[in-house]
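Engineer: The following comprises the amino acid sequence and a computationally predicted model.
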Amino acid sequence: MLSIMNKYRNIFLHSQTMLSAFEQTATRSMATHWDPKFRRLRKNKFTKPKLLEFDTNTKDKVKRGIEPPTSFIYKPINITSSKEIFDPYIPPEGDGKASLFSKEFAKGAVEKITKTTSKKFKHLRLIKKSDNSFDENLFAETAQQIYIDAHSTLSKRDPEEMLNFVTENALMKMHHNMKFKTIRWNWIESLEEPVVKHLVTREMLVKTNLYAQVTVRIHSKQMLAVYDRFGRLAFGSDTLPKDVLEYVVFEKHLSDPYGSWRLHDKIVPSWSPAKTPVIRSYALPEPFKTDEDLEKKIVSKFKGDDSHLDKIQEEKA
């Protein structure tokens, strides 16, 4: 063995592929290259792929042929409030105008007595079971204050603040078609004490999910003025107050321990007079300006007159 090593000693010494013991063992493996020379250079000899960034534009994705991700957007379900009036209260005809000795007042008094049946006490018992502090006589004053706060925050255009006083159903209706309008609302006084007219509770989906709605009669003097985007008065008046009689529905999610009474909707009687429509304003279009010289050229062209060509040649000269 020593004789063989001495024989080929010069080959091992002068060879360019002089390897260490570790590299010699590495070359025997099938997973490594047979020639470990320039291993570091071969390591860096590759192109890095262009990875997508989060801030890339949609046009770049289209060029690369990347399909948009499939979005599974489900309609959100809101259970903090309902979207309807469960059992709407029917106001007696002539309410707010009838005298003590009129037929309308007598009819309303009879209906009030007949409606104070076991159904009303059943709903009242369910409300008090979830809300121990509920009192029918004291709630009317609380509801009137919620009504004032809800309409006062309407002019601020702050939906988050309004949700403290109104439900999602009322927020949608109060902000409808008010994008480019300015609202000024003032509470002047209460003409009559607010009265609770109707109580109702309703289950939704499951028996434990309970909602309560209370209808309150509010007779007050208010001032409302709505201005359009040009600053012109579109509805109401900012100097003339009006008597307003409304039947306001307040709702509470009884199953929610942190729920509160909020304005939910308003009941408009069928016998109430029609309101004056909102005055709509439009921007007048600019008058169409015609070019007289162009009209003359067109007319002369159809008549066979070439006088306009002489003018063009004179301008070129």
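Structural biologist: Thanks, I have the structure now.
Engineer: Quick check: residue 87 touching residue 197?
Structural biologist: No: with contact defined as Cβ atoms under 8 Å, residue 87 does not count as touching residue 197 (11.6 Å). No exception for glycine: its C-beta is placed from N, CA and C like everyone else's.
Engineer: Looking at these two, which has the bigger crowd around it?
Structural biologist: Using other Cβ atoms under 10 Å as the criterion, residue 87 and residue 197 rank with residue 197 on top: 20 against 14.
Engineer: for that one, what are its contacts?
Structural biologist: Under the criterion of Cβ atoms under 8 Å, 6 or more residues apart in numbering, the neighbours of residue 197 are 89, 91, 215-217, 247.
Engineer: switch to 7 Å and redo it
Structural biologist: Shown in contact with residue 197 (Cβ atoms under 7 Å, 6 or more residues apart in numbering): 89, 215-217, 247.
Engineer: now those residues as CSV including neighbour count, distance to residue 64 and pLDDT?
Structural biologist: Listed next are the contacts of residue 197 as CSV, based on neighbours: other Cβ atoms under 10 Å; distance: Cβ to Cβ, whole Å; pLDDT from 0 to 100:
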residue, neighbour count, distance to residue 64, pLDDT
89, 19, 62, 88
215, 24, 61, 93
216, 24, 62, 94
217, 22, 66, 93
247, 20, 61, 94
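Engineer: Looking at those residues, which are in helices?
Structural biologist: Among the contacts of residue 197, no member falls in helices (DSSP state H).
Engineer: ok, so of the residues you listed, who is nearest residue 279?
Structural biologist: Closest approach between the contacts of residue 197 and residue 279, by Cβ to Cβ: residue 247, at 27.3 Å.
Engineer: So the closest one sits against residue 213, correct?
Structural biologist: No: using Cβ atoms under 7 Å, residue 247 is not in contact with residue 213; the gap is 11.8 Å.
Engineer: Stretch 158-177: which residues count as buried?
Structural biologist: Neighbour counts over stretch 158-177 (16 or more other Cβ atoms under 10 Å) mark 162-163, 165-167, 169-171, 174 as buried.
Engineer: All the helices of the stretch 151-300 of the chain, residue numbers only.
Structural biologist: For the stretch 151-300 of the chain, helices defined by DSSP state H, counting those that start in this stretch occupy the ranges 159-162, 168-174, 292-303.
Engineer: hmm, I was thinking of the stretch 1-150 of the chain
Structural biologist: All helices of the stretch 1-150 of the chain, identified by DSSP H, counting those that start in this stretch, fall at 2-7, 9-14, 21-27, 39-43, 58-64, 103-115, 118-130, 136-152.
Engineer: pLDDT weak spots in the stretch 151-300 of the chain?
Structural biologist: 288-290, 298-300 (pLDDT under 70).
Engineer: For residue 68, give its distance to residue 60.
Structural biologist: Counting by Cβ to Cβ, to the nearest Å, the gap from residue 68 to residue 60 is 13 Å.
Engineer: the more surrounded of the two?
Structural biologist: residue 60 (12 against 8).
Engineer: Can you give me the pLDDT of that one?
Structural biologist: pLDDT, residue 60: 73.
Engineer: same deal with residue 86?
Structural biologist: For residue 86, the pLDDT comes out at 89.
Engineer: That one and residue 212 touch, don't they?
Structural biologist: No: counting by Cβ under 7 Å, residue 86 does not reach residue 212; the two are 9.3 Å apart.
Engineer: Which residue ranges of the stretch 151-300 of the chain form strands?
Structural biologist: Ranges of strands within the stretch 151-300 of the chain are 182-190, 195-204, 206-227, 233-236, 242-253, 262-267, based on DSSP state E, counting those that start in this stretch.
Engineer: For the third one, name the packing helices and strands.
Structural biologist: What it means is strand 206-227. Applying 3 or more Cβ pairs under 7 Å, 6 or more residues apart in numbering; DSSP states H and E, one finds that strand 206-227 makes contact with helix 118-130, helix 136-152, strand 182-190, strand 195-204, strand 233-236, strand 242-253.
Engineer: Can you show me the CA trace of that strand as PDB?
Structural biologist: Coordinates of each C-alpha in strand 206-227 appear next as PDB, following Å, rounded to 0.1, in the frame of the first residue of the first chain:
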ATOM      1  CA  VAL A 206     -85.500  31.400  20.000                       C
ATOM      2  CA  LYS A 207     -87.600  31.900  23.100                       C
ATOM      3  CA  THR A 208     -84.800  33.500  25.100                       C
ATOM      4  CA  ASN A 209     -84.200  36.200  22.500                       C
ATOM      5  CA  LEU A 210     -86.900  38.700  23.500                       C
ATOM      6  CA  TYR A 211     -87.600  42.300  22.300                       C
ATOM      7  CA  ALA A 212     -89.900  44.900  23.700                       C
ATOM      8  CA  GLN A 213     -91.600  47.800  22.000                       C
ATOM      9  CA  VAL A 214     -93.400  50.700  23.700                       C
ATOM     10  CA  THR A 215     -95.500  53.300  21.800                       C
ATOM     11  CA  VAL A 216     -95.400  56.800  23.400                       C
ATOM     12  CA  ARG A 217     -97.700  59.700  22.400                       C
ATOM     13  CA  ILE A 218     -95.600  63.000  22.200                       C
ATOM     14  CA  HIS A 219     -97.400  66.300  21.600                       C
ATOM     15  CA  SER A 220     -94.900  69.100  21.400                       C
ATOM     16  CA  LYS A 221     -93.900  72.400  19.700                       C
ATOM     17  CA  GLN A 222     -90.900  72.100  17.400                       C
ATOM     18  CA  MET A 223     -89.000  74.100  14.800                       C
ATOM     19  CA  LEU A 224     -87.500  72.300  11.800                       C
ATOM     20  CA  ALA A 225     -85.600  73.800   8.800                       C
ATOM     21  CA  VAL A 226     -84.000  71.800   6.000                       C
ATOM     22  CA  TYR A 227     -81.600  73.500   3.600                       C
END
